[in-house]
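Enquirer: Show me how the following folds:
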Amino acid sequence: MQHVVAPSLSRGAQFLRLGFTILTVAVFLLVTLGGLVRNAGAGLSCPDWPLCFGRFLPPMNVQVFLEWFHRLVAGVVSTVLLGAAVLTGFVPSLRARYGKPLALALFLLAAQVILGGMTVLGLLSPKWVVSHLGVGLAFFGALLFVALRAWDEQPQGTVSTGPTHGSALRAAATVTLMTVYAQAILGGLVSSNYAALACPDFPTCNGLWWPRFEGTVAYQMLHRLGAGAATVAVSVFFVALHRRRSEISPWASTLMWLLPVLLTAQVLLGIYTVLWGLPLPLSVAHLATATMLLATLLVIRYELRHR
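Expert: Got it, this is the predicted structure:
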């Protein structure tokens, strides 16, 4: 394994490290808040966009506050990220380190803002809701990558030079990450098409092991099949990591234990969300846990690549 002694960080780099970390946490909370808005039925509480009832500070009730606060947090995140991008652009060393991943994050942010408006103006059409979720998760991932690079003290471009099996582990991490991401998108399809209770029982669907794939039942069954695929992918990846735990970075070998914990929690949340009739806390926790699972996989993938 190649080890490189890193130079001390400048004050600007230290500031960005802290800033990107806070922004990443804020975006995680923003994604979770978006799930709360959606599952609380508050998505159209502000029927116009970008203002709410034509005002920055509208008359409030609980649902209006949820949607308004979601927009407020999104606006703060956007402003701070733009400020960090400007700072980065004016410092050549920072621009070289963060330029490309930060540009991707800004592109996804712009797309997310537009999709947020289209979600409201399109009256919560499933195509906009699902696109908003998908881009939001991708934006979170891009910003997390920027934060990881900020904490990485190796020179840019340094790559692990460990055993040849490292490339196989990285490929497995990528496949697992994309499988879980696709499953999260399927969850968005279920929610936006009001299919969460199309099958009110589990493991059967309306008493059948293999119902007809039509209407809202099709979305629910696809999500269940996706859950099975994601469970297999995460489990196989965990076993592969565990077998090579002495040959991966200490941080990756620690984080891998989160995989079975988050996976188990996610499966149980999915089951009891259905069996208990879609309670709001479980619905929101289901999305938050999926996001944490994605984040854990992305960090492990980064460690495998750079350690």
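
Enquirer: What pLDDT does the model give Q154?
Expert: On the pLDDT scale, Q154 is placed at 62.

Enquirer: typo on my end, it should be V130
Expert: V130 carries a pLDDT score of 96 in this model.

Enquirer: do G157 as well
Expert: On pLDDT, G157 comes in at 53.

Enquirer: Below-threshold pLDDT in the stretch 101-250 of the chain: ranges please.
Expert: Residue ranges of the stretch 101-250 of the chain with pLDDT under 70: 153-165.

Enquirer: Recalculate using a threshold of 50.
Expert: Along the stretch 101-250 of the chain, segments meeting pLDDT under 50 span 163-164.

Enquirer: can you map out the helices along it?
Expert: Ranges of helices in the stretch 101-250 of the chain, per DSSP state H, counting those that start in this stretch, are 126-151, 165-192, 215-243, 250-255.

Enquirer: Looking at these, which one is packed in the most?
Expert: Scoring those by mean neighbour count under mean count of other C-beta atoms under 10 Å gives helix 126-151 as the most buried, with a mean of 21. Placement of C-beta: from N, CA and C, glycine included.

Enquirer: Chain neighbours aside, what residue packs nearest to G187?
Expert: Among residues not flanking G187 along the chain, H223 sits closest, at 6.0 Å (C-beta to C-beta, 6 or more residues apart in numbering).

Enquirer: any idea how far H286 is from the one you found?
Expert: For H223, the distance to H286 (C-beta to C-beta, to the nearest Å) stands at 11 Å.

Enquirer: Need the helices of the stretch 101-250 of the chain in CSV (columns: distance to C205).
Expert: Below are the helices of the stretch 101-250 of the chain laid out as CSV (distance: least, C-beta to C-beta, whole Å):
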stretch, distance to C205
helix 126-151, 20
helix 165-192, 13
helix 215-243, 6
helix 250-255, 35
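
Enquirer: check contacts around L137.
Expert: Taking C-beta atoms under 8 Å, 6 or more residues apart in numbering as the contact definition, L137 lies against 31, 181, 184, 291, 294.

Enquirer: Would you confirm that L294 contacts L177?
Expert: Yes - using C-beta atoms under 8 Å, L294 is in contact with L177, at 6.8 Å.

Enquirer: ok so, going back, which residues do H223 and H286 both contact?
Expert: Both H223 and H286 are in contact with G187, where contact means C-beta under 8 Å, 6+ apart.

Enquirer: I'd like the distance between the residue of the chain positioned farthest from its centre and R55.
Expert: Distance from the C-alpha centroid of the chain peaks at G207, with 33.2 Å (C-alpha atoms, centre = their mean). According to C-beta to C-beta, G207 and R55 sit 50 Å apart.

Enquirer: ok, now T264?
Expert: Applying C-beta to C-beta to T264 and R55 gives a distance of 45 Å.

Enquirer: So what's the residue count around L275?
Expert: A count of neighbours around L275, defined by other C-beta atoms under 10 Å, yields 12.

Enquirer: Tell me who's in contact with the nearest residue to it once chain neighbours are set aside.
Expert: Closest residue in space to L275, ignoring its immediate chain neighbours: F202 at 6.0 Å, by C-beta to C-beta, 6+ apart. In this structure, F202 makes contact with 271, 274-275, judged by C-beta under 8 Å, 6+ apart.

Enquirer: I am finished for the moment; much appreciated.
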